[in-house]
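Trainee: Sequence plus the predicted model coming up.
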Amino acid sequence: MAGKTLTKKIKTPSKLAGEVVLPGDKSISHRVAILCSLASGISEIANFSPGHDCLSTLNCLKLLGARIKTKEGKIYIKGVGNTSLKESDNVLNSGNSATTMRLLSGVLAAQPFLSVITGDASLRTRPMKRLIEPLKLMGAEIYGRCSNSLAPLVIRGKRLSGISYTMPIPSAQIKSAILLAGLFAEGKTIVEQPQVSRDHTERLLRWMGADINIDGGYVSLAPLINPLNALDFRVPGDISSAAYWLVAGAIHPNASIKITNCGINPTRTGILDVLLTMGARIKIENQRLECNEPVADIHIESSQLRAIEIKGEIIPRLIDEIPVLAVAACFATGTTIIKNAEELRVKESDRILTIVEELSYLGAKIKALPDGMIINGGTLLKGTKVSSHSDHRLAMSLAIAGLMAKGETLVEKPKVAEISYPDFWEQMEKLSVKAPHNW
């Protein structure tokens, strides 16, 4: 398998065609696992994300007392109710998953025991001060390295109080951590969002019986009186994973790809809005609501893309998709400008620096900005060796660029894609129709 090699070799296929069945949405999988562990009863979860990040969440929850098993491709979680988590006899390991660390910290801040939570070398460089500060305002006792700014984190559970908190920057992870802590706090917890971030936590809380109200950018949550309700849930396909095939289909001259059962939560569909504005030939079909999340089938065909400016309120709705959008911009007519995306600097890699650097090696005319990048489209890319920088989204974005580069592209450390999309390379092979061509 490609994921076991040190590099992955990519050449341009004569055609991209077929149907994509997506892995379960990573963001939703984290949240449904945590909330079902706090529920009363047994929850059945289908299409749970197979990525390493979500497995880290499951492993941490098991150490905290949740009973979790896998059977016939489904996850079954016997929740402990809202007061019965137990102290782990070992350090909780989030792996590479900032979502695991940040969301669980919100839960652990209110539990009557001590917890230590860490992660891999990359995660231990990710900013945690933005998490610690609002939880401390609620009364939490949390300590971290470098003046409480980096993991590992030590959390001594306390009785918390609800707060009214204005998010300084859009962050679904921090918002969710505050809301999870608010489930156990005295009094209401109110979060104000100047820019609305993904709302999977709010949708799940409402569906599971929490007293939560959403009014525009305001979220108000009352503490739990009764445990959350267990549920049967099918996780929608991950739109962040769909983004790679949407871009591949748009930039390849002979492509027709259907993506089934894809989540189209409006807080996540910035990728669709941007590609449509750029001129992508996208059809959204069979729209429906499943488990309180909007879902649809998406068809993408070869397109003539044009450059646009991407900035402002749409950025939180596509922050994870910006690396692959940079690839799309390389094949658009004109100059694409991306701004207000400084959050990319503190992801698994500095995604502004790394995507600019690696696409430049392929021949792209691309320049970094402090909060984004400028991409001059229309230059033929040429295959070479590029590095994933151990960043799953960078590895997959460079793979899509390699599909359109002349010659052979080698992506180093391709196995990192397994963090979010274990079947990525296999899916690429299935879509690639190889035949003699004139590249």
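Mentor: Looks like it arrived, so ask away.

Trainee: dump the residue contacts of Ala39.
Mentor: Ile77, Gly79, Gly81, Met208, Pro227, Leu228, Asn229, Ala230, Leu231 (Cβ atoms under 8 Å, 6 or more residues apart in numbering). In this view, the C-beta of every residue, glycine as well, is placed from N, C-alpha and C.

Trainee: My guess is the third one contacts Ser40. True?
Mentor: Spelled out, that is Gly81. Yes - counting by Cβ atoms under 8 Å, Ser40 is a contact partner of Gly81 at 5.0 Å.

Trainee: hey, what's in contact with both of these two?
Mentor: Jointly contacting Gly81 and Ser40 under the rule Cβ under 8 Å, 6+ apart are Pro227.

Trainee: Could you pull out the helices in the stretch 151-300 of the chain for me?
Mentor: In the stretch 151-300 of the chain, the helices defined using DSSP state H, counting those that start in this stretch lie at 172-182, 200-207, 239-251, 270-277.

Trainee: how about JSON lines for these, with mean neighbour count and mean pLDDT added?
Mentor: Compiled in JSON lines, the helices of the stretch 151-300 of the chain are given as follows (neighbours: other Cβ atoms under 10 Å; pLDDT from 0 to 100):
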{"stretch": "helix 172-182", "mean neighbour count": "26", "mean pLDDT": "98"}
{"stretch": "helix 200-207", "mean neighbour count": "23", "mean pLDDT": "97"}
{"stretch": "helix 239-251", "mean neighbour count": "26", "mean pLDDT": "98"}
{"stretch": "helix 270-277", "mean neighbour count": "20", "mean pLDDT": "98"}
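
Trainee: Please name whichever of those is nearest to Pro370.
Mentor: Nearest to Pro370 among the helices of the stretch 151-300 of the chain is helix 270-277 (20.9 Å), distances taken as Cβ to Cβ.

Trainee: and the angle from the closest one to helix 239-251?
Mentor: For helix 270-277 against helix 239-251, the angle by axes from the mean of the first three to the mean of the last three Cα atoms, to 10 degrees is 20 degrees.

Trainee: how distant is helix 270-277 from the center of its chain?
Mentor: 17 Å (Cα atoms, centre = their mean, to the nearest Å).

Trainee: Stretch 137-150 too?
Mentor: Worked out by Cα atoms, centre = their mean, stretch 137-150 lies 24 Å from the chain centre.

Trainee: what do you get for stretch 272-284?
Mentor: For stretch 272-284, the distance to the chain centre is 21 Å (Cα atoms, centre = their mean).

Trainee: any weak-confidence spans in the chain?
Mentor: Across the chain, the ranges flagged by pLDDT under 70 are 1-5, 435-439.

Trainee: Kindly state the domain boundaries assigned to it.
Mentor: According to automatic domain parsing, the chain comprises the domains 2-24+236-433, 26-234.

Trainee: So what does Asn93 have for phi and psi?
Mentor: Per-residue torsions, Asn93: phi -110, psi 110 (degrees, to the nearest 10).

Trainee: so it makes contact with Asn59?
Mentor: Yes - under the criterion of Cβ under 8 Å, Asn93 makes contact with Asn59 at 7.1 Å.

Trainee: Between those two, which has more neighbouring residues?
Mentor: Neighbours per residue, other Cβ atoms under 10 Å: of Asn93 and Asn59, the larger number sits with Asn93, 19 against 16.

Trainee: now that one: how far from Asp391?
Mentor: Per Cβ to Cβ, to the nearest Å, Asn93 is found 19 Å from Asp391.

Trainee: Leu64 now?
Mentor: 29 Å.

Trainee: Leu22 too?
Mentor: Taking Cβ to Cβ, one finds Leu22 at 20 Å from Asp391.

Trainee: how about Ala66, what does it touch?
Mentor: For Ala66, the contact set (Cβ under 8 Å, 6+ apart) comprises Ser37, Ile77, Lys78, Gly79, Val80, Leu85.

Trainee: Actually, Lys78.
Mentor: Contacts of Lys78 (Cβ under 8 Å, 6+ apart): Gly41, Ile42, Ala66, Arg67, Ile68.

Trainee: how deep is the second one tucked in, by neighbour count?
Mentor: Here the count is done by other Cβ under 10 Å, and Ile42 has 14 residues near it.

Trainee: what's the nearest residue to it if we skip its chain neighbours?
Mentor: Lys78 (5.0 Å; Cβ to Cβ, 6 or more residues apart in numbering).

Trainee: Bridged to that neighbour, which residues?
Mentor: Beta-bridge partners for Lys78, by DSSP bridges, are Ile42, Arg67.

Trainee: Just give me the neighbour total for Ile322.
Mentor: 27.

Trainee: my read: it touches Arg351, true?
Mentor: Yes - counting by Cβ under 8 Å, Arg351 is a contact partner of Ile322 at 7.0 Å.

Trainee: what is in contact with these two at once?
Mentor: Common neighbours of Ile322 and Arg351 (Cβ under 8 Å, 6+ apart) are Leu344.

Trainee: measure stretch 179-186 end to end?
Mentor: Its first and final residues considered, stretch 179-186 spans 12 Å by Cα to Cα, to the nearest Å.

Trainee: ditto for stretch 163-176
Mentor: 14 Å.

Trainee: Figure out how far that stretch is from the centre of its chain.
Mentor: Counting by Cα atoms, centre = their mean, stretch 163-176 comes out at 17 Å from the chain centroid.
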